[in-house]
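J.: got a structure for you, letters missing:
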């Protein structure tokens, strides 16, 4: 969903109607000036000012970094749209927001082209899920500025309902990576330092049913976290035992533990792959998965970004020849980092409750969305009804 936010987000070199630059105009729409501050009747002091800064840091940490970036992009797009229409984003107007949603759905634009002297072109219609996310971003941004946006107002609710009815489509799900797929994928990797790292990423992500952000945010051990010096980009830690590894994750739904048992052979065991990577990379502190030197023979200090996981999955899918019946572009579109998580949910032949707990889902219904075709026709209600 976050990737969709760039679909309708072009840069403009033109100026708004009042002649000031867009960046200068946006300055007064940023929440920094309206966010947590001292009460007007309380005089400032060094101690109180530092507490204000601390409170702001906590407020920013209330939502994930990617969510903050997406919401900031939503607000930037909306304020720019308002100025191009000759209006202002504040205070919130349900009527105006209803028109904005209609514009996003219809792609009627126009937005200035990339060239300052080129013709204006209509923007591309956005998906229903992206429009819904944009609306959530606006509601959040208004709240940060002390305003309440009523999403149930008829000017918003009825327009959004019409958009969903007219343009709604079934969700597009990435294909699950099955057991034979993951074995073929890790088989394409070498045994240099980079290969050891990528093998551990794939096997750990698959066996743990992990999100790509959860994989790269792991640290070695919990000592730093217990002493309150955890890095801001850390999302949990790994502890290795004789029977397997325990991952403690600070996920969307809060802290949770994921147990990853040892595999049947060293070649397919995620814990063994992890141990090999940590051993040869000489990592006993800090991020688990880091970048390597250009020659692939030395581990660096920088933590990998989550996009590496997606790129790794796509590359090894191609190298392993998975779905070779399709063109390259179609194959790349079928798989992503999320395919590891869906693969575990689809392939693990155990009670659904264990899969739900492993993935950290609040409901069994969410878990079933990840189980690609696993339960189809297992219960035949047609025959049960006597036909």
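T.: Arrived safely. Bear in mind that the values here come from a model prediction, so they are computed numbers and not experimental data. Numbering: from 1, shown residues only.

J.: wait, what's in contact with the nearest residue to residue 217 once chain neighbours are set aside?
T.: Leaving aside its sequence neighbours, residue 217 sits nearest to residue 235 (CB to CB, 6 or more residues apart in numbering; 2.9 Å). C-beta: built from backbone N, CA, C; applies to glycine. Contact analysis of residue 235 by CB atoms under 8 Å, 6 or more residues apart in numbering lists 213, 214, 217, 218, 249, 250, 251.

J.: now residue 131
T.: Contacts were defined as CB under 8 Å, 6+ apart; by that measure residue 131 touches 101, 104, 105, 160, 163.

J.: Tell me the buried residues in the longest helix seen in the chain?
T.: For the chain, the helix with the greatest residue count under DSSP state H is helix 65-84. By 16 or more other CB atoms under 10 Å, the buried positions in helix 65-84 come out as 67, 70-84.

J.: Tell me the one of these nearest residue 322?
T.: residue 70 (30.7 Å; CB to CB).

J.: Residue 134 versus the closest one, what's the distance?
T.: Distance, residue 70 to residue 134, using CB to CB, to the nearest Å: 9 Å.

J.: Likewise for residue 263?
T.: 43 Å.

J.: When the two are compared, which one has more neighbours?
T.: Using other CB atoms under 10 Å as the criterion, residue 263 and residue 134 rank with residue 134 on top: 25 against 16.

J.: Phi, psi for residue 261 please.
T.: Main-chain torsions, residue 261, degrees, to the nearest 10: phi -80, psi 160.

J.: Surely it touches residue 242?
T.: No: at 10.7 Å, residue 261 does not count as touching residue 242 under the criterion of CB atoms under 8 Å.

J.: So which of these two has more stuff around it?
T.: Taking neighbours as other CB under 10 Å, residue 261 and residue 242 compare with residue 261 leading, 12 against 6.

J.: Quick one, grab the pLDDT at the more buried one.
T.: pLDDT for residue 261: 91.

J.: residues near the residue nearest to it when sequence neighbours are not counted, how many?
T.: Closest residue to residue 261 apart from its sequence neighbours, by CB to CB, 6+ apart: residue 244 at 4.1 Å. Other residues within reach of residue 244, judged by other CB under 10 Å, total 16.

J.: returning to what we had before: dump the contacts of residue 131 into CSV; add secondary structure, distance to residue 271 and neighbour count as well.
T.: Output for the contacts of residue 131, formatted as CSV (DSSP: H, G, I helix; E, B strand; the rest coil; distance: CB to CB, whole Å; neighbours: other CB atoms under 10 Å):
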residue, secondary structure, distance to residue 271, neighbour count
101, helix, 48, 22
104, helix, 46, 25
105, helix, 48, 21
160, helix, 47, 20
163, helix, 47, 20
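
J.: now, among the residues you listed, which is nearest to residue 274?
T.: Checking the contacts of residue 131 one by one against residue 274 (CB to CB), the nearest turns out to be residue 104, at 43.7 Å.

J.: Which residues are in contact with that closest one?
T.: Applying CB under 8 Å, 6+ apart to residue 104 gives the contacts 8, 125, 126, 130, 131, 134.

J.: tell me the two of those that are most distant?
T.: Maximum pairwise distance among the contacts of residue 104 (CB to CB): 12.6 Å, between 125 and 134.

J.: if I look at the residue nearest to residue 217, how far off is residue 242?
T.: Distance, residue 235 to residue 242, using CB to CB: 25 Å.

J.: pLDDT of stretch 61-79, averaged?
T.: 86.

J.: Tell me how far that stretch lies from the chain's centre.
T.: Centroid separation between stretch 61-79 and its chain, computed with CA atoms, centre = their mean, to the nearest Å, is 12 Å.

J.: all numbers from here: first residue = 2
T.: Okay, using 2 as the starting number, the last item reads as stretch 62-80.

J.: Neighbouring strands - and their directions - for the helix or strand harbouring residue 292?
T.: Assigned by DSSP states H and E, residue 292 belongs to strand 291-293. Using DSSP bridges, the strands paired with strand 291-293 are strand 300-304 (antiparallel).
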